Each structure stands twice: as C-alpha cells, then as structure tokens.
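**Q** Got a predicted structure here, sequence first:
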Amino acid sequence: MKPAGRASAAIDILGAVLERHLPATEALREWGRSHRFAGSRDRAAIGTIVHDALRQRHSLAWRMGGDESPRALVLSWLAHVAGKSVEEIEALGGAPFGFGALSGSEREALMHPLPLDDAPDFVRGDYPRWLAESFAAAFGDDAAAQGAALARRAPLDIRVNTLKASREKAARALARFSPSLTPHSPWGLRFQPNDEGRLPNVEADGAHGRGWFEVQDEGSQIAALACGATAGEQVLDLCAGAGGKTLALAAMMGNKGQIFAHDANQQRLRPIFERIRRAGARNVQVIEAHAKERLAALKERMDLVLVDAPCSGSGTWRRKPDAKWRLRETSLAARKAAQTELLRQAADFVRPGGRLVYVTCSVLPEENTRQVEAFLASDARFALADWREGAGEAPEGLKARGPDLRLTPLSHGTDGFYAAVMTRRDKA
C-alpha cells in the first residue's frame with residue numbers, strides 16, 4: 001500500500017473506534033480481515049497512525065479548530081506528527097486510494113493551526129476533560145506535561161527471570177534487538193520502537209520459550225520490588241491475573257517460601273499455569289476462583305498480601321490509548337468500589353506484623369492515595385509504611401521520595417504505577 005492508502009485506511013479504522021466504539025485492536029483486526037491484500041508492514045504503519053491519533057486526540061483536534069472527526073485527526077497527524085507540508089498532504093489526498101481533496105477550512109487549519117499554548121491543560125495533556133480535576137489534584141501545575149507523557153509511544157520492557165538467567169545473559173541472547181538496561185529496575189531490559197513505530201517481537205525468541213524473561217513494564221517490576229518479598233515468606237497474590245507479579249515475587253524469593261496465586265476471575269487466571277512452568281517457579285500454588293475453602297484457610301497466616309487491584313488503567317494509556325476515551329465516570333466508580341472491597345478482604349489474610357501491599361496501574365488519586373487513606377481510616381490494625389524500607393535493590397533515584405510509590409512516564413520513563421505498603425501493627 002502507498003502512504004495515501006494507509007492514511008485512508010486509518011480514517012476508516014478511527015471511524016470504527018470513535019463512532020462505533022470498537023476497541024482499537026478489534027477495529028484494526030476487523031479492517032485486516034476485510035483487506036487481506038495489506039501486508040504486515042502496511043498493517044503496522046496503519047496501526048501507528050491510529051494509535052498516535054488516539055494518544056493525541058485532543059491536541060491534534062485543537063490544531064484543526066477543535067474538529068475531532070477521524071479525517072481531521074489523520075490530517076493533523078500527517079502535519080504535526082509525520083511532518084508533512086500542506087502541499088504533500090494535498091498530494092496524498094488526490095492520489096489513488098487517497099482520502100480526497102482538502103476543503104477550504106481543512107487547508108486553512110493546516111496552514112494556520114491553533115497554537116497549543118492557548119489550550120487548556122486537558123487538551124495539551126490529551127486526557128479526558130472530565131478528569132481535569134483528578135489530574136490537577138495528582139500533578140498540580142505539571143498536569144498537562146504528565147498527560148502529554150502518557151500520550152507518547154512507549155518502549156517495550158522485559159523482566160529477566162533470575163531463576164533461569166542473568167540480565168547480561170538475556171541481553172546477549174537478544175542483542176540483535178539492541179536492548180538497553182532499564183534505569184530503575186535491576187531485572188529489566190528495554191527495547192525502543194523502530195522508525196516505523198514497531199517494537200520487536202521478543203516473545204518469538206527461543207529465550208522466552210526457555211523462560212528467561214517475561215514482557216513486563218519497568219513500572220510493574222518496581223511495584224513488585226516494593227513488596228520486599230524475601231526467601232521463606234508466605235505470600236498471597238490476591239488478584240494474580242496472568243501472574244506477572246507472582247512470577248516476579250517467585251524470583252525475588254529464589255523459589256523459597258510459598259506464594260499462593262488467586263484471582264476471582266478464572267479467565268484472567270488461566271494463562272498463569274503455562275507461565276509458572278516456563279519460568280521454573282516451584283514455590284507457587286494456584287488457588288482457583290472456585291476454591292473458596294483453600295483461600296479462607298490462609299486467613300491471618302500471610303507475611304505478605306499483594307492486592308494488584310483492577311483499576312482505570314490510566315497509567316497504561318501509552319500502550320492502550322483508546323482506553324482513556326472509553327473510560328467513564330460510572331466505570332471508574334465501579335473500579336473504586338471493587339478496590340475498597342478488595343482491601344477489606346485482603347486485610348484479613350495478613351498475619352500480625354505482616355504487610356499489605358496495594359498496587360494499581362493508575363495515576364488517579366481517587367484510586368491511589370485516597371483509597372489508602374480511606375482504608376487506613378477504616379481499619380486501625382494497619383499503618384502506612386515506607387515502601388523503600390523493604391526494596392533493597394531499588395536505585396537511589398527512586399528512593400528520593402516516599403512513603404508511597406508513584407511512577408509516571410514523565411518522571412521515571414515507566415508506565416504510571418502506584419504502590420503503598422501497609423503493616424499490620426497489632427502483635428500476635
């Protein structure tokens with residue numbers, strides 16, 4: 001496909017996302033099924049336009065006079081991301097399979113875009129207007145800059161499984177992809193997108209099949225590090241999902257002690273079995289959703305309980321840009337209610353002197369600090385601890401502030417993550 005055809009395809013796919021409310025991955029897949037002539041490079045290039053337009057939806061539209069139509073977003077992307085001149089964009093529109101001639105208002109908007117300096121924070125930061133108050137509470141004067149960082153393309157991070165390989169060994173195996181060391185996590189390697197915005201398919205490498213690494217953002221790795229899990233402890237991962245943090249904890253513990261991995265959603269838990277085998281994690285027992293008696297038997301026995309809570313996912317918007325536009329106040333309220341209930345449930349599994357660690361991949365204070373404050377106010381057994389005390393391998397740059405952990409792309413180059421460590425202070 002020529003660039004003109006790719007731009008036209010991106011307009012069609014964005015229409016499915018913004019007008020039919022399909023998730024971006026589903027809209028791209030649907031388009032690919034009906035346009036089988038498009039090769040992998042074409043699909044990747046079209047996907048880059050679609051995801052970039054969604055990442056920067058507000059700021060791209062602002063430059064076009066506030067027009068958020070799929071066509072206006074792609075035209076703005078061509079001008080302000082791809083760096084095309086108005087004449088080049090006109091030529092693309094008139095080419096075979098192009099998107100047609102520019103209107104007078106489109107040409108005027110491309111020639112004289114509205115300056116972003118005059119835009120409100122939620123436009124410059126490319127986050128939903130209804131979250132303006134939350135971003136202001138979280139970041140103050142940096143709200144727009146923090147939001148803009150969440151609207152950029154993300155690298156690919158992996159966590160090296162120290163049960164089977166060293167970071168150096170994994171880096172040598174993946175050298176053809178030019179990895180770099182993650183700046184904060186002691187276990188991570190990072191891969192940057194190429195000029196076409198494509199990331200390497202590292203999971204196709206034999207080293208992944210041998211269990212040497214798992215794909216995991218550095219922020220998630222640091223959240224696991226904040227748990228301070230040590231060899232011999234009894235650990236409950238209450239919302240284990242596919243097991244990303246479970247496996248990180250198993251490696252931290254050197255396969256010594258016991259980790260109980262549970263999730264109330266059986267479908268989310270299903271991939272964990274293969275991942276445990278591949279990683280060689282021998283200290284993990286899976287408690288499936290229906291095994292309520294096995295779970296209940298762990299009450300007041302755990303040294304560490306991890307609540308990796310379901311959340312808005314606002315910290316992952318770099319990777320799932322359409323998710324921020326699908327988020328609604330009602331769904332956020334439901335997430336907050338679930339988080340409150342999970343913290344209440346998790347508290348009963350912590351032994352006297354043990355730790356309760358609450359983690360989200362969110363940057364919103366109502367899911368983070370406010371949840372922790374409300375929980376501590378409701379349960380006098382627990383007190384907030386400094387996460388840095390148990391994270392011995394955390395670099396000094398992360399230890400500069402506390403006691404809870406807050407990560408963002410702008411400040412740390414990671415996805416947005418939050419972690420709070422709470423100790424049960426009554427004695428046995």
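**A** Now that the structure is in, tell me what you want to look at. Numbers count the residues shown, from 1 in each chain.

**Q** Give me the nearest residue to Leu304, chain neighbours excluded.
**A** Counting by Cβ to Cβ, 6 or more residues apart in numbering, Leu304 lies nearest to Val235, which is 4.6 Å off, once chain neighbours are set aside. Where C-beta positions appear, they are placed from N, C-alpha and C, glycine not excepted.

**Q** my bad, Leu150
**A** Once flanking residues are discounted, Leu150 sits nearest to Trp317: 4.6 Å by Cβ to Cβ, 6+ apart.

**Q** what do you get for Ala137?
**A** The shortest distance from Ala137 to any non-neighbouring residue, by Cβ to Cβ, 6+ apart, is to Pro365 (5.1 Å).

**Q** tell me the secondary structure for the one you found?
**A** coil (DSSP: H, G, I helix; E, B strand; the rest coil).

**Q** how near is it to Ser103?
**A** Using Cβ to Cβ, to the nearest Å, Pro365 is found at 43 Å from Ser103.

**Q** and those two? which has more neighbours close in?
**A** Per other Cβ atoms under 10 Å, whichever of Pro365 and Ser103 has more neighbours is Pro365, with 19 against 10.

**Q** now stretch 67-85: how far from the chain's centre is it?
**A** 26 Å (Cα atoms, centre = their mean, to the nearest Å).

**Q** May I have the distance across that stretch, first residue to last?
**A** End-to-end distance of stretch 67-85 (Cα to Cα, to the nearest Å): 19 Å.

**Q** Work out for me the element the nearest residue to His35 once chain neighbours are set aside sits within.
**A** Leaving aside its chain neighbours, His35 sits nearest to Ala9 (7.2 Å; criterion: Cβ to Cβ, 6+ apart). Assigned by DSSP states H and E, Ala9 belongs to helix 3-18.

**Q** Can you list the buried residues in that helix?
**A** For helix 3-18, the neighbour count (16 or more other Cβ atoms under 10 Å) marks 3-14, 16-18 as buried.

**Q** what do you get for stretch 410-425?
**A** 411-424.

**Q** before we move on, what about stretch 319-327?
**A** Going by neighbour count (16+ other Cβ under 10 Å), the buried part of stretch 319-327 is Lys320, Pro321, Asp322, Ala323, Lys324, Trp325, Leu327.

**Q** Assumed the residue nearest to Leu304 was part of a helix.
**A** No - Val235: not assigned to a helix; according to three-state DSSP it is strand.

**Q** OK, contacts around it?
**A** 227, 229, 249, 253, 257-260, 302-306 (Cβ atoms under 8 Å, 6 or more residues apart in numbering).

**Q** Which ones among those residues lie within helices?
**A** Among these, the members falling in helices (DSSP state H) are Leu249.

**Q** any chance of the contacts of Val235 in a markdown table, with distance to Cys361 too?
**A** Listed next are these as a markdown table, based on distance: Cβ to Cβ, whole Å:
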| residue | distance to Cys361 |
| --- | --- |
| Cys227 | 15 |
| Ala229 | 19 |
| Leu249 | 17 |
| Met253 | 23 |
| Gly257 | 26 |
| Gln258 | 26 |
| Ile259 | 20 |
| Phe260 | 22 |
| Met302 | 23 |
| Asp303 | 24 |
| Leu304 | 20 |
| Val305 | 18 |
| Leu306 | 14 |
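
**Q** Mark which of the contacts of Val235 are buried, thanks.
**A** Taking 16+ other Cβ under 10 Å as the criterion, what is buried in these is 227, 229, 249, 253, 257-260, 302-306.

**Q** quick check, nearest of those residues to Pro23?
**A** Of all those, Pro23 sits closest to Leu306, with 28.0 Å by Cβ to Cβ.

**Q** What's the per-residue pLDDT of the closest one here?
**A** Per-residue pLDDT puts Leu306 at 98.

**Q** Who are the packing partners of the helix holding Ala9?
**A** The contact analysis (3 or more Cβ pairs under 8 Å, 6 or more residues apart in numbering; DSSP states H and E) places helix 3-18 against helix 24-34, helix 40-55, helix 70-80, helix 86-94.

**Q** Buried residues, the second one. List them.
**A** Same thing as helix 40-55. Of all the residues in helix 40-55, those buried under the rule 16+ other Cβ under 10 Å are 42-55.

**Q** try the third one
**A** Residues Pro70, Arg71, Ala72, Leu73, Val74, Leu75, Ser76, Trp77, Leu78, Ala79, His80 are the ones in helix 70-80 that count as buried (16+ other Cβ under 10 Å).

**Q** Kindly report the same for the first one.
**A** By neighbour count, and taking 16+ other Cβ under 10 Å as the criterion, the buried residues in helix 24-34 are Ala24, Ala27, Leu28, Trp31, Gly32.

**Q** which two from those residues end up farthest apart in space?
**A** Largest separation among these by Cβ to Cβ: Ala24 and Gly32, giving 12.4 Å.

**Q** Trp317 contacts Ala151, doesn't it?
**A** Yes - applying Cβ atoms under 8 Å as the test, Trp317 and Ala151 come out as touching, 7.0 Å apart.

**Q** Mind picking the two most distant members of the buried residues of stretch 410-425?
**A** Top of the distance list for the buried residues of stretch 410-425 (Cβ to Cβ): Gly413 and Arg424, 33.8 Å.

**Q** give the contact list for Phe260.
**A** Phe260 is in contact with Gln234, Val235, Leu236, Asp237, Val284, Gln285, Val286, Ile287, Leu295, Leu298, Met302, counting by Cβ under 8 Å, 6+ apart.

**Q** for the record, mean pLDDT for stretch 205-223?
**A** Stretch 205-223 shows a mean pLDDT of 97.

**Q** how about it as CSV, C-alpha atoms only?
**A** Only the C-alpha atoms of stretch 205-223 are listed here, as CSV (Å, rounded to 0.1, in the frame of the first residue of the first chain):
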residue,chain,number,x,y,z
ASP,A,205,12.6,-15.7,20.6
GLY,A,206,13.7,-19.1,22.0
ALA,A,207,14.9,-17.4,25.2
HIS,A,208,11.3,-16.6,26.0
GLY,A,209,10.3,-20.2,25.4
ARG,A,210,13.1,-21.2,27.8
GLY,A,211,11.7,-19.0,30.5
TRP,A,212,14.5,-16.5,30.6
PHE,A,213,12.2,-13.4,30.6
GLU,A,214,8.6,-12.1,30.6
VAL,A,215,7.3,-8.9,29.0
GLN,A,216,6.6,-6.6,31.9
ASP,A,217,6.8,-2.8,32.1
GLU,A,218,9.6,-1.4,34.3
GLY,A,219,6.9,0.2,36.5
SER,A,220,5.3,-3.1,37.2
GLN,A,221,8.7,-4.5,38.1
ILE,A,222,9.3,-1.7,40.5
ALA,A,223,5.9,-2.3,42.1
